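1. With the input below, show me the fold.
(4 chains)
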Number of protein chains: 4
Amino acid sequence: MAAKTLDYQKLLAHIAAEVARYQGQGQQASYIPELANRDPDKYGITLDFLDGSRYCFGDSEERFSIQSISKVFATAAAFGLIGDQLWERVGVEPSGNPFNSLVQLEYEAGKPRNPFINAGALVVADILLSHLRDPYAEMLGFMHELTGNSTIAYNKKVAASEFATGFRNASLAFLLKSFDNLHNSPRDVLDLYFHYCSIEMSCTELARAFHLFARRNQLNCQIPDLTSSQLKRLNALMLTCGFYDESGEFAFKVGLPGKSGVGGGIAAVYPGFYSVAVWSPRLNAKGNSILGMHTLELLTSKSKLSIF
Amino acid sequence: MAAKTLDYQKLLAHIAAEVARYQGQGQQASYIPELANRDPDKYGITLDFLDGSRYCFGDSEERFSIQSISKVFATAAAFGLIGDQLWERVGVEPSGNPFNSLVQLEYEAGKPRNPFINAGALVVADILLSHLRDPYAEMLGFMHELTGNSTIAYNKKVAASEFATGFRNASLAFLLKSFDNLHNSPRDVLDLYFHYCSIEMSCTELARAFHLFARRNQLNCQIPDLTSSQLKRLNALMLTCGFYDESGEFAFKVGLPGKSGVGGGIAAVYPGFYSVAVWSPRLNAKGNSILGMHTLELLTSKSKLSIF
Amino acid sequence: MAAKTLDYQKLLAHIAAEVARYQGQGQQASYIPELANRDPDKYGITLDFLDGSRYCFGDSEERFSIQSISKVFATAAAFGLIGDQLWERVGVEPSGNPFNSLVQLEYEAGKPRNPFINAGALVVADILLSHLRDPYAEMLGFMHELTGNSTIAYNKKVAASEFATGFRNASLAFLLKSFDNLHNSPRDVLDLYFHYCSIEMSCTELARAFHLFARRNQLNCQIPDLTSSQLKRLNALMLTCGFYDESGEFAFKVGLPGKSGVGGGIAAVYPGFYSVAVWSPRLNAKGNSILGMHTLELLTSKSKLSIF
Amino acid sequence: MAAKTLDYQKLLAHIAAEVARYQGQGQQASYIPELANRDPDKYGITLDFLDGSRYCFGDSEERFSIQSISKVFATAAAFGLIGDQLWERVGVEPSGNPFNSLVQLEYEAGKPRNPFINAGALVVADILLSHLRDPYAEMLGFMHELTGNSTIAYNKKVAASEFATGFRNASLAFLLKSFDNLHNSPRDVLDLYFHYCSIEMSCTELARAFHLFARRNQLNCQIPDLTSSQLKRLNALMLTCGFYDESGEFAFKVGLPGKSGVGGGIAAVYPGFYSVAVWSPRLNAKGNSILGMHTLELLTSKSKLSIF
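-> Numbering: from 1, shown residues only, chains lettered A, B, ... in the order given. Sure, this is the predicted structure:
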């Protein structure tokens, strides 16, 4: 890997300078006050190599709402718990529709296209509700193990706000229930789902947690017990489905498996080499961080480190 | 009207004999125990002329769950209360999709195609919840006035069963709420909607209540105050939208404005002449009474009394 | 019919004066030069009672391209020729989608929703191509018989222009062919279809031709042999499907079976009483004549002559 | 790469033995006689490392119709010729619908989701028709250069059969034309497209041609001039869109960029390491080779050589 001779610290600073011209474009998520009140111009990045070297820049240590990035951890947990049975209730195909579309769910008889659209994540939450003794505590425990940091927690106010206003997600949950693809009450599933979304982590913590997917083997974790093959498959899923209906664009321009959240975070991996997390709250029309997308595109172009 | 020289009593008996060969086809609605437990082979009809003559046959005096036929009364009430503002929140076009489809609602940004699909009826219930002091009592009062019978009531067990299992309707209600086309809580709207559906009436009572639409002018009713033009428009709506995605078929074969319910009832009118109600619980794949459809087709063919 | 005591000549003048305020709204069809070059502010109407009285106003004797109104005549011919077999290849339900949508056709496996959307009219043309010896001459002969005027003809330039630019219709024809719902070559079907659309008639000729549907029995016609019941069904179809996805609106506001064309014409009937044709080239967003719609709404409101 | 110590010749034989139990499942494409007449139980594979080592098994030297695999070469040529302008006329997102769906094309105003669904490939053919002097000869020249074999040719009979029966593709072409996203005549575009699909190559030739994508830099080719970044992007596109609505499944189970054809071929690459082509005519319901899919899944599982 000649690329490893690069000065990554300098590269991050250089990229930050270059993406600064997009600063101010887009809006941060504003559907709940807790997200709307963040400074929209925050920017942080952490690049975390498997060999132990780590490079940080900007607001890389400040925690933010990981939102949909939590879907990767929840899916990993469910995949570990019930194996390929998971795919009987949720698919592995890109959706071609916005992330909270009911259309596809109705046409496809209640089986969500993949676990990273909201409908799929609700099914995953339903599975964890059925299979974990304490799905709230155990998910946090999983995050603590992955990061080595036991202060990571839910933001109860965020979870409560989302529950109070998440009519579209409630509609999805009841639709899934009508197809018998939720086994618990929609209300309970929604509450768990919104708690997962409300987890707060910094770029550095996210990047460290994503080592799981970069390494493709698991260390020191109680739950769930994921095989190397399962971790590769989760990487494939992130590549094809991690960015809603912009997944193709991300694969095309960035070329890494990853997952974004409306809190403005994106986490991605180059399997076998590194994980990376970037945070900037302003989003494009598809709900992905504008600066985050540009940052990762520059990172893989300049470092020549992509999977393709 | 030479047709009036027909012996209608004989005609009803003749039609009943003729449709008997379809007896046993189809299934009655079974999604809640209260509907599943009815004798599926009940059959009644009442033909009620504006000139005062009335003809009944079979189980015409037995009450059944009017279900979606209630949507006509609720829409009439809402139209009387808020006039053409109603059509800002719900359309007047046939849906081309099954009655509880979320697809169309999502594509069309939360404005239901018409008030006779479930989504539209939920919006109508929301309007009544906002505009009536006691929407439960006042709707019953409306039915009492239309029929002259104050024993007509909600079946609380039916309403409760539907509420407990109506996940698809709950999904619709939350989707409407997400588009801001419900102003009350989805829970309250659903409860009112399911109560309206649970009203029980006999063929004779339904036919009498439909005199409102056959006469096209209102007598002795406190609420709502409907003009002749409004009543004609409700007839037009019944013709184009009264039978979900079988509305064209009904217009084509029967040629009358009408409305069906999954309880097996159908009520229809020949404006200026008569109203008719038929009841038989077994339904076709589209959710309309098999014997009811055949009965009305024979009635208009043999009497030559249709609007076309 | 007390209404018959109205002075209809005065009524038409009055209506024309009233709708004049909408003059200038909307655009005439411009996708082919022959339609774009007409004076957009033409306005004519003919009201033709079955009792022999006839009232005309404005440009009622000037011929225009009847376009989709031809679909009614073609459907009548096909229904007469093959009877209910017609409905195995085309439905009788409103479409809920714009008139040339491929979506519904694809979802519903190549069976058009009804004969008045373009896909359905192509199937009808295919049937006439298979069942008539000379489908070009015989359709004109049918029009000559209905109007008593043998100068009615195709506009070959209009037909050729539409053929050269009708890519969407060609797409529909090939899609139907892929589902095996065209039995002749798409090219031949398109040519026939565009010829039918290019027929030119005046309001007075159209109104006279629509006597067929107002009378509901056929006089002096060689082809096709339509029963009274078939003619009623065609009226029902016009009511539910005659105005594309504005059919509900037309039924709601006007309350008559009818059919519009992008040439700006609308023909309608009050079965048992009269037929009416109106022409004004400027169209609304749904492709229906703006002044034509207003004219008919006023006609049925003021005369109180609608089917509902 | 410890993996390189594997005995690949033995591995291929082992995989062939293992997938033999699926032999007989599925049907070969039969919509044209030329495809229906091939022995459905052919099976060949060629694994071609960038380091020069090559491993073949079974019918690896027999030519078959590459069909949709040609879309990758055509897209590469168009991308080389007009660069990112290509993406103004065709997207880079997975489609979520079957490969020849008109629905998505209509909803998305004539811009195909990606160049590997039929609609997208028609746009690509249109571009080559506009930008190459002789798009028939030059595409073959491109294949000759990539393989070093100048006997690769079109199968004129296959192209003619597809042209004569390809109604669905004709429908797509006219729909694209109606949206002005074809600049040449639909007929000419279809002819070129079907010629590209009719190219015949063996596994060994295909694998060699795919070295272009494995190497990610171009050698000795006149047209088109592709950069390393462009080749990576084509790999990303193959990964997200190469297998129609089974792309996610392929990424999930196999983890390589690739492209399948209804002739039963699949070509794939592990960028930086190898290309591979497999051929077996029997297809699953999604139109992908059953044995081919199993073969590649075993290859990446057993060799541990996938991109994830």
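
2. quick one: the strands in the stretch 51-200 of chain A?
-> Assigned by DSSP state E, counting those that start in this stretch, the strands in the stretch 51-200 of chain A fall at A:54-58, A:64-65, A:200-201.

3. Any idea which of these gets closest to chain C?
-> Proximity to chain C, assessed across these by CB to the nearest CB, is greatest for strand A:64-65 (37.8 Å). To be clear about C-beta, it is placed using only N, CA and C from the backbone, and glycine gets the same treatment.

4. partners of the closest one, with directions?
-> Partners of strand A:64-65 in the sheet, by DSSP bridges, are strand A:200-201 (antiparallel).

5. Residues contacting the strand it pairs with, please?
-> A:Arg63, A:Phe64, A:Ser65, A:Ile66, A:Met143, A:Thr147, A:Ile152, A:Ala153, A:Tyr154, A:Asn155, A:Ala209, A:Gly265 (CB atoms under 8 Å, 6 or more residues apart in numbering or on different chains).

6. Test my guess that the fifth one contacts A:Thr151.
-> No: here A:Met143 lies out of contact with A:Thr151, judged by CB atoms under 8 Å, at a distance of 10.2 Å.

7. Closest one of the contacts of strand A:200-201 to D:Ile290?
-> A:Ala209 (38.1 Å; CB to CB).

8. Quick check: closest non-adjacent residue to that closest one.
-> A:Leu146 (4.0 Å; CB to CB, 6 or more residues apart in numbering or on different chains).

9. State the distance from that neighbour to A:Leu226.
-> 11 Å (CB to CB, to the nearest Å).

10. count of neighbours near whatever residue of the stretch 51-200 of chain A ends up closest to chain D?
-> Taking CB to the nearest CB as the measure, the point where the stretch 51-200 of chain A comes nearest chain D is A:Gly96, at 2.6 Å. Neighbours of A:Gly96 under the rule other CB atoms under 10 Å in any protein chain shown: 21.

11. hang on, it packs against D:Val103?
-> No: between A:Gly96 and D:Val103 there is no contact under CB under 8 Å: 10.6 Å.

12. rewinding a little: which of the contacts of strand A:200-201 fall within helices?
-> If you go by DSSP state H, those have A:Met143, A:Thr147, A:Ala209 in helices.

13. how many other residues sit next to the residue lying closest to A:Leu176 once chain neighbours are set aside?
-> Distances taken as CB to CB, 6+ apart put A:Leu182 closest to A:Leu176, at 4.7 Å, once the chain neighbours are dropped. A:Leu182 has 27 neighbours, counted by other CB under 10 Å.

14. Now for A:Leu182: which residues touch it?
-> By CB under 8 Å, 6+ apart, the neighbours of A:Leu182 are A:Leu122, A:Val123, A:Asp126, A:Ala173, A:Leu176, A:Val189.

15. What does the pLDDT read for it?
-> In the predicted model, A:Leu182 carries a pLDDT score of 98.

16. still on that earlier bit, got JSON lines for the ones in helices among the contacts of strand A:200-201, with neighbour count too?
-> Putting the ones in helices among the contacts of strand A:200-201 into JSON lines (neighbours: other CB atoms under 10 Å in any protein chain shown) gives the following:
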{"residue": "A:Met143", "neighbour count": "22"}
{"residue": "A:Thr147", "neighbour count": "20"}
{"residue": "A:Ala209", "neighbour count": "27"}
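
17. Now for the residue in the stretch 101-250 of chain A that chain C sits nearest to, how many residues are close by?
-> Closest residue of the stretch 101-250 of chain A to chain C, CB to the nearest CB: A:Tyr107 (8.9 Å). Per other CB under 10 Å, the neighbour tally for A:Tyr107 reads 14.

18. again, but for A:Thr5
-> 6.

19. ditto for A:Asn169
-> Neighbours of A:Asn169 using other CB under 10 Å come to 24.

20. so where is the stretch 51-200 of chain A shaky, pLDDT-wise?
-> Filtered on pLDDT under 70, the stretch 51-200 of chain A yields the residue ranges A:98-100.

21. who touches the helix or strand where A:Met293 lies?
-> Using DSSP states H and E, A:Met293 sits within helix A:290-303. Residues outside helix A:290-303 that contact it (CB under 8 Å, 6+ apart): A:3, A:6, A:8, A:11, A:14-16, A:18-19, A:22-23, A:25-26, A:43, A:45, A:47, A:250, A:253-256, A:258, A:260, A:264-266, A:268, A:270, A:276, A:278-280, A:282-284, A:305-306, D:229.

22. Now which of these would you call buried?
-> With burial judged by 16 or more other CB atoms under 10 Å in any protein chain shown, the buried subset of the contacts of helix A:290-303 is A:8, A:11, A:15-16, A:19, A:22, A:26, A:43, A:45, A:47, A:250, A:253-256, A:258, A:260, A:264-266, A:268, A:270, A:276, A:278-280, A:282-284, A:305-306.

23. Give me the subset of those lying in strands.
-> In strands, judged by DSSP state E, the following of those are found: A:Ile45, A:Leu47, A:Gly258, A:Ser260, A:Gly265, A:Ile266, A:Ala268, A:Tyr270, A:Val276, A:Val278, A:Trp279.

24. ok, now which ones touch the fourth one?
-> By that I understand A:Ser260. A:Ser68, A:Ile69, A:Gly242, A:Phe243, A:Ile266, A:Gly287, A:Asn288, A:Ser289, A:Gly292.

25. closest to chain B among the residues you listed?
-> The closest of the contacts of A:Ser260, once distances to chain B are taken by CB to the nearest CB, is A:Gly287, at 15.6 Å.

26. Check that closest one and give its pLDDT.
-> 92.

27. Look at the nearest residue to it once chain neighbours are set aside and give its secondary structure.
-> Closest residue to A:Gly287 apart from its sequence neighbours, by CB to CB, 6+ apart: A:Val262 at 5.4 Å. The three-state label given to A:Val262 by DSSP: H, G, I helix; E, B strand; the rest coil is coil.

28. Looks like A:Val262 contacts A:Ile66 (just checking).
-> No: A:Val262 lies out of contact with A:Ile66 (CB under 8 Å); the separation is 9.9 Å.

29. Give me the more crowded residue out of those two.
-> A count of neighbours by other CB under 10 Å puts A:Ile66 above the other of A:Val262 and A:Ile66, at 31 against 22.

30. Tell me the residues of chain A that contact chain B?
-> Counting by CB under 8 Å from any CB of the partner chain, chain A comes close to chain B at A:101-103, A:106-107, A:167-168, A:170-175, A:177-178, A:186.

31. are any of those buried, and which?
-> A:101-103, A:106, A:167-168, A:170-175, A:177-178, A:186.

32. Quick one: end-to-end distance for stretch A:53-69.
-> By CA to CA, to the nearest Å, the extent of stretch A:53-69 from end to end equals 23 Å.

33. Buried residues of that stretch, list them for me.
-> In stretch A:53-69, counting by 16+ other CB under 10 Å, buried: A:54-60, A:62-69.

34. so who does the residue nearest the centre of chain A touch?
-> Central residue of chain A (CA atoms, centre = their mean): A:Ile69, 1.7 Å from the mean position. Remark: with contacts taken as CB under 8 Å, 6+ apart, A:Ile69 is in contact with A:Leu206, A:Lys259, A:Ser260, A:Gly261, A:Gly263, A:Gly265, A:Ile266, A:Ala267.

35. Count residues in the vicinity of A:Met201, would you?
-> A:Met201 sits with 28 neighbouring residues when counted by other CB under 10 Å.
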